[in-house]
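**Student:** With the input below, show me the fold.
(chains A and B)
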Amino acid sequence: MMASGKWLVASGLILSVFLACSQNFTNSHKFYSSPPAKTESVGVVQLDDAFMLTRTSWFAEKLNIQGDSIYDKLEKLTDSLILSELSKSWNVSAVSKKDREKFSKETLKMDKTIFIKTRFPEQGVEIGNSNYLFIIHEYTVGGDLDAENFYDYTKANVEMSQKKKFNNFSIIATFTLWDNKKQIPLRSGVVSVQTPIKEDVFNMDIFVNTTKQAVQECIKKL
Amino acid sequence: MYKKIIIVIFFITLYSHAAEPTVWKDGEFLLWSYGKRYITPMDFCFALRYENEKIGAPSCYEAGDWERDTTLSLYAKWLNTNLDPRLNPEDLRPRNAHAIERLSKLKDNSLIFSTIKNDKAWFLLFDETSSEPKQIATFPLTEDSAKIARKLASDWFSGKPQRRLSDSEREAKEKEPDEYFAEQPMYDVWFGIGLGHTQTKVPLTPDSWYRHKLNSKIKNYRDVDDSTSIWFFIKDTSPIYRAYIGGSLYDFIGLEFELRKSSHKAKIDESDTIYNELDHWSFNRYELMFALEFMKVFKPIPQIEIEPYAAASFLFDIFTEDIALKDGYKGSESYKHRFKFENYYSGPALTLGLRTAFFKNYAIDFRAGIANRGTAIVTREIIGSSTYDAFVATGLEYHIRWK
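**Tutor:** Here you go, the predicted model:
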């Protein structure tokens, strides 16, 4: 049993390395050279409708939260985790849901077959006073999720079976570093974080650590 | 090496031609400024008329409507922030749906955006075909307005002006199918006359196949070694006179009907004294051919069309005899019992050809093929039950073509 678990983790790792190498899950503007310096002001746009929780009842049971409030609670927790994690890198401030609602919905091409849905501010409109914005377009939480199935249109119709048990707790996020002064998307990317779940044990620590890991992945991709 | 350079230059000129904006006769020009207005409508219209004699009476306006629109002015502000020589036109597209819509509704108007950025005056040309700027130009701020107007007019609007379309014409044009997908058949009807040559020997085949036939002589008006082929009796080589009419559809499939005449001497054995009475003896062959043709048309230059084709024909032959005795001679018994051909012969023919048409209507045609004629039953009793010949022919044609 243990041996097969290890084998699964190993193959998962190999698969993720393979995926990372095989396709380009980032896109940058001609003017983008490097991530903002530590002193830079970055507005972090709150998740709002970007937050998507799948398998709610499973999470509700494992985290011992009431089913009708789990969405709200986990979204708020994730928002605060992202903000605190990013504050280690930059001088951050939160951009409210109200501003986000005014953003236009668009599509951004990452690679030949990979497209992400984006939420960008208007051309000519600055949001707050920050030089940059960190926008998460879609943030999906669940089990055994594969970024390719979400953003590669050639694999969009892959049917996923609803398993009772997951091998991995997954977070998939699409993000953009936005030049707030010039209103151009500097760098966008797709990140995917998988934390193995052993013997169906899941708790808040795993959730928090994986969220932090997801944010770190975003920063790495800048 | 030089070839490569020439090819590259060729493509660059092609590309630059493709990007050239359409110039409309009596066109309308909207000048949209963000910040300082750099050229006046009057200057610009004057420059247009100066640089392009055929442009008619252009109208130039300040695009006040564009300047007052909140969303559009946000885009104008954004352009002003982002204009940079490193960016391509596609990087400067508006993202706002309203701005994109306004650009697509420009109809045949030309929109010229101008703004000052980094000590340069920037000019961007937009039209209805795309939301990205069609042309971008920059000028130092020291340049005066009239000079800039002249330069823009000569760079962007010096092409041959086209007549502006009315709204209903524009609508019709939008619904017009793409020429590559247009399902309009190309009709072609032709008449032709020509000359040819026929012989039984197919070039590049061994003589031994034919020797027996070709060396055969008629003795006693009727005796030959073998009678399967007509060429045991009469000479196989002859000029052909031909007239034909045909038609094709889609430059792909066609039908042709052809009439041929050839004449063939009887191969009498001169050493046979019985022929002393004979003045001349020959046969005229009249041939009707019905052909189904498949062709492909290539146009290396607009005035010339090259059309290779292949045809399968059904043919129908009759032979008429031309015989006379010398004056004062009476026909011998053998003369009266001389051989007779069947009433008619039929068979298939295969033809390959090349038609070269000049100026649409006139064409020269070359073709070559092989034909078989016979009767339904192959027996030794029937003369010419399996007769082959090969032919080459040329023709002059007049074509009527329409869509």
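
**Student:** Which residue, neighbours along the chain excluded, lies closest to B:H280?
**Tutor:** B:A324 (5.9 Å; Cβ to Cβ, 6 or more residues apart in numbering or on different chains). Every C-beta, even on glycine, is put in place using the N, C-alpha and C of the backbone.

**Student:** Could I get the pLDDT score of the residue lying farthest from the centre of chain B?
**Tutor:** Distance from the C-alpha centroid of chain B, by Cα atoms, centre = their mean, peaks at B:G328 (62.9 Å). pLDDT recorded at B:G328 is 88.

**Student:** same question, A:E148
**Tutor:** 85.

**Student:** pretty sure it contacts A:K155?
**Tutor:** Yes. Using Cβ atoms under 8 Å, A:E148 is in contact with A:K155, at 5.2 Å.

**Student:** what about those two, which has more around it?
**Tutor:** The residue with more neighbours, out of A:E148 and A:K155, is A:E148; 20 against 14, by other Cβ atoms under 10 Å in any protein chain shown.

**Student:** and the gap between the more buried one and A:K112?
**Tutor:** Distance, A:E148 to A:K112, using Cβ to Cβ, to the nearest Å: 13 Å.

**Student:** try B:D108
**Tutor:** As for B:D108, its distance to A:K112 is 36 Å (criterion: Cβ to Cβ).

**Student:** Please apply the same query to A:Q183.
**Tutor:** 27 Å.

**Student:** Settle it for me: which of these two has more neighbours?
**Tutor:** A:Q183 (22 against 11).

**Student:** got the contact list for that one?
**Tutor:** A:Q183 sits next to A:F120, A:P121, A:E122, A:Q123, A:G124, A:V125, A:E126, B:W78, B:T81, B:N82 when contact means Cβ atoms under 8 Å, 6 or more residues apart in numbering or on different chains.

**Student:** Among those residues, name the ones in strands.
**Tutor:** A:F120 (DSSP state E).

**Student:** Three-state assignment for B:A390, please.
**Tutor:** Here B:A390 is recorded as strand under DSSP: H, G, I helix; E, B strand; the rest coil.

**Student:** Just give me the neighbour total for it.
**Tutor:** When neighbours are counted by other Cβ under 10 Å, B:A390 registers 18.

**Student:** So which residues of the chain form helices?
**Tutor:** All of this is about chain A. Here chain A has its helices, by DSSP state H, at A:2-22, A:56-63, A:70-86, A:97-101, A:147-151, A:204-220.

**Student:** that's the wrong chain, I wanted chain B
**Tutor:** Shown for chain B, the helices assigned by DSSP H span residues B:2-19, B:41-51, B:64-68, B:70-82, B:97-104, B:145-156, B:167-175, B:211-214, B:333-336.

**Student:** and the third one, what does it pack onto?
**Tutor:** For helix B:64-68, the elements it packs on are strand B:28-34, helix B:70-82, judged by 3 or more Cβ pairs under 8 Å, 6 or more residues apart in numbering or on different chains; DSSP states H and E.

**Student:** Ok, the fourth one next?
**Tutor:** Contacting helix B:70-82 under the criterion 3+ Cβ pairs under 8 Å, 6+ apart are the following elements: strand B:28-34, helix B:64-68, helix B:97-104, strand B:110-117.

**Student:** and the angle for it with strand B:28-34?
**Tutor:** For helix B:70-82 against strand B:28-34, the angle by axes from the mean of the first three to the mean of the last three Cα atoms, to 10 degrees is 70 degrees.

**Student:** quick one: buried residues of helix B:70-82?
**Tutor:** Neighbour counts over helix B:70-82 (16 or more other Cβ atoms under 10 Å in any protein chain shown) mark B:T71, B:L72, B:L74, B:Y75, B:A76, B:K77, B:W78, B:L79, B:N80, B:T81, B:N82 as buried.

**Student:** And the contacts of that helix?
**Tutor:** The contact list for helix B:70-82, computed with Cβ under 8 Å, 6+ apart, reads A:122-125, A:181-184, B:32, B:34-35, B:66-67, B:91-92, B:94, B:96, B:98-99, B:102, B:113, B:115, B:117, B:124.

**Student:** residue contacts, the residue nearest the centre of chain A?
**Tutor:** The residue lying closest to the centre of chain A (Cα atoms, centre = their mean) is A:A173, at 1.9 Å. Listed by Cβ under 8 Å, 6+ apart, the contact set of A:A173 reads A:I136, A:E138, A:Y139, A:T140, A:V190, A:V191, A:A214, A:C218.

**Student:** ditto for B:L165
**Tutor:** Counting by Cβ under 8 Å, 6+ apart, B:L165 makes contact with B:D108, B:K173.

**Student:** and the gap between it and A:T211?
**Tutor:** Going from B:L165 to A:T211 by Cβ to Cβ gives 59 Å.

**Student:** May I ask you to confirm that B:F123 is in contact with B:I148?
**Tutor:** Yes. Between B:F123 and B:I148 a contact is recorded at 7.5 Å, counting by Cβ under 8 Å.

**Student:** In chain A, which residue sits closest to chain B?
**Tutor:** Residue of chain A nearest chain B, by Cβ to the nearest Cβ: A:G124 (3.2 Å).

**Student:** how about the nearest residue to that residue, chain neighbours excluded?
**Tutor:** In this structure, A:G124 finds its nearest non-sequential neighbour in B:L74, 3.2 Å apart by Cβ to Cβ, 6+ apart.

**Student:** partner strands of the lengthiest strand in chain B, parallel or antiparallel?
**Tutor:** Ranked by residue count under DSSP E, the longest strand found in chain B is strand B:304-325. Taking DSSP bridges as the criterion, strand B:304-325 sits next to strand B:278-295 (antiparallel), strand B:298-301 (antiparallel), strand B:345-358 (antiparallel) in its sheet.

**Student:** and that strand, how far out from the chain's middle?
**Tutor:** In terms of Cα atoms, centre = their mean, to the nearest Å, the centre of strand B:304-325 is found 27 Å from the chain centre.

**Student:** Please work out the average pLDDT along stretch A:50-59.
**Tutor:** Mean predicted confidence for stretch A:50-59 is 89.

**Student:** What are the buried residues along that stretch?
**Tutor:** Neighbour-count burial for stretch A:50-59 [16+ other Cβ under 10 Å]: A:A50, A:F51, A:L53, A:R55, A:T56, A:W58, A:F59.

**Student:** do stretch B:144-163 as well
**Tutor:** For stretch B:144-163, a neighbour-count test (16+ other Cβ under 10 Å) marks B:S145, B:A146, B:I148, B:A149, B:R150, B:K151, B:L152, B:A153, B:W156, B:F157, B:P161 as buried.
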